[in-house]
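> model this:
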Amino acid sequence: MLDALDAAGLRGDGRLLQLNSYENRVFQAMLEDGRAVVAKFYRPGRWSDAQILEEHDFARELAAAEVPVVPPLPLCAADPALHLQGAAGTLATWAAGDGTPYRFAVAERRAGREPELDDPAILAQLGRFIGRLHAVGRQGRFVHRQHLAAGDAAHDLQALLEAGVVTPAELPAWQATAEAAAAAVVAAFDEVAASGPLASLRLHGDCHIGNVLWRPGTAEGDPGRPHIVDLDDALQGPAVQDLWMLVSGDARTMARQFDVLLRGYEDFSDFDDRERALIEPLRTRRMLRHSAWLAARWSDPTFPIHFPWFGSAAYWSQQTTLLREQLELMGD
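Got it, this is the predicted structure:
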């Protein structure tokens with residue numbers, strides 16, 4: 001990794017700190033010139049070069065519009081063995097000693113903490129931030145990145161069945177419930193679209209509290225401001241996908257939080273109120289996607305270590321119960 005950074009003109013002083021990431025391998029590297037950068041080495045086979053470059057272009061477009069994101073840095077080929085792609089040369093490919101090619105990108109290090117979502121001022125500020133991000137997202141369209149679809153839930157269900165990871169005793173109940181839940185997701189999207197097409201825009205894609213960093217304010221009364229450091233899951237879809245994961249609790253509490261979020265959001269972007277009906281279908285989709293993701297990554301040695309409960313009878317029994325609850329919520 002140090003050799004790869006050196007080939008891109010970033011001379012490390014030998015200090016590497018591995019950061020939390022399951023999909024890619026991400027490291028903070030200290031450079032000889034005193035700077036600290038974050039290098040992301042992409043998981044082979046997950047994204048195509050075109051998909052990564054589209055993500056990079058979106059991040060740079062957001063930064064140019066002064067939306068607080070941390071875009072990938074332009075790199076230089078200090079070693080002829082390094083191959084750069086992108087208009088700004090942000091995606092590097094470098095071959096290790098055994099000839100294996102590794103793709104990586106580098107960004108500035110930016111610190112922050114999780115936002116306190118029980119503070120209405122912070123929630124409204126988050127809404128403004130996402131509204132600004134979406135205002136830029138509406139100005140173009142992803143060609144290569146994934147597009148969110150109602151049928152994703154059924155696709156993930158089928159992937160789990162083919163992987164054979166559901167324990168035999170729990171399989172009949174889980175499968176019946178998951179099939180009903182996947183069908184309900186499609187029905188919910190169809191019902192909303194029946195009154196007119198849903199807008200689709202470029203999104204962060206995985207905008208949960210752990211993916212938003214908060215920097216405290218510098219003056220009295222200033223709640224601070226958010227920023228994001230990664231758009232690895234950026235996709236095309238409805239605006240509510242970047243909003244629903246920031247609210248929690250019972251239906252009344254979530255509705256109140258969502259109203260606060262929207263007050264900030266609508267300072268910069270319009271919101272189609274029909275999309276509120278997609279919150280529980282999107283939550284259901286995410287549950288099935290998470291299980292399918294774990295199954296697909298189970299051969300990675302780090303996954304059994306961090307998710308030892310996956311695949312157990314208790315896990316699938318719990319998933320069945322949760323999906324039944326989602327069916328009731330989608331019905332309501």
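
> what's the single longest helix in this structure?
Determined from DSSP state H, the single longest helix within the chain is helix 171-193.

> okay, buried residues for it please.
171, 173-175, 177-179, 181-182, 184-186, 188-189, 192 (16 or more other CB atoms under 10 Å). For glycine as for every other residue, the C-beta is placed from the backbone atoms N, C-alpha and C.

> by contact count, what packs against the helix or strand just after that helix?
Once helix 171-193 ends, the next helix or strand along the chain (criterion: DSSP states H and E) is strand 201-203. Here strand 201-203 touches helix 120-137, strand 235-237, going by 3 or more CB pairs under 8 Å, 6 or more residues apart in numbering; DSSP states H and E.

> helices and strands around the first one, which ones?
So that's helix 120-137. Using 3+ CB pairs under 8 Å, 6+ apart, helix 120-137 sits against helix 49-64, strand 201-203, strand 225-227, helix 251-265.

> which residues of the chain score low on pLDDT?
Counting by pLDDT under 70, the chain shows low-confidence ranges at 219, 221-222.

> domain-wise, how is it divided?
Per the record, the chain has its domains at 2-108, 120-331, by automatic domain parsing.

> now do the end-to-end distance for the last one.
Same thing as domain 120-331. This stretch, domain 120-331, spans 29 Å end to end (CA to CA, to the nearest Å).

> and it, how far out from the chain's middle?
Chain-centre distance of domain 120-331: 9 Å, with CA atoms, centre = their mean, to the nearest Å.

> quick one: buried residues of stretch 62-69?
62, 67-69.

> can I get the residues you listed in JSON lines with secondary structure?
Shown next, in JSON lines, are the buried residues of stretch 62-69 (DSSP: H, G, I helix; E, B strand; the rest coil):
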{"residue": "Leu62", "secondary structure": "helix"}
{"residue": "Val67", "secondary structure": "coil"}
{"residue": "Pro68", "secondary structure": "coil"}
{"residue": "Val69", "secondary structure": "strand"}
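
> for the residue positioned nearest the centre of the chain, helix, strand, or coil?
Taking CA atoms, centre = their mean, the centroid of the chain lies closest to Asp206, which sits 2.7 Å from it. Three-state assignment for Asp206 (three-state DSSP): coil.

> tell me, how many residues neighbour the closest residue to it other than its chain neighbours?
Spatial nearest neighbour of Asp206, excluding adjacent residues (CB to CB, 6 or more residues apart in numbering): Asp233 at 3.8 Å. When neighbours are defined as other CB atoms under 10 Å, Asp233 has 16 of them.

> same check, this time on Leu126
Leu126: 26 surrounding residues under other CB under 10 Å.

> my guess is it meets Val212, correct?
Yes. Between Leu126 and Val212 there is a contact under CB atoms under 8 Å: 6.9 Å.

> deepest of the helices and strands packed on helix 120-137, which one?
Stretch with highest mean neighbour count among the helices and strands packed on helix 120-137: strand 201-203 (a mean of 24; mean count of other CB atoms under 10 Å).

> note down every partner strand of that one and its orientation.
Strand 201-203 pairs in its sheet with strand 235-237 (antiparallel), by DSSP bridges.

> need the contact partners of the partner strand.
The contact list for strand 235-237 (CB atoms under 8 Å, 6 or more residues apart in numbering) reads 141-142, 145-148, 200-203, 205, 241.

> rerun at 7 Å
Strand 235-237 has contacts (CB atoms under 7 Å, 6 or more residues apart in numbering) with 141-142, 145-148, 200, 202-203, 205.

> just the helices in the stretch 201-332 of the chain please.
Counting by DSSP state H, counting those that start in this stretch, the segments of the stretch 201-332 of the chain that form helices are 251-265, 279-296, 302-306, 313-331.
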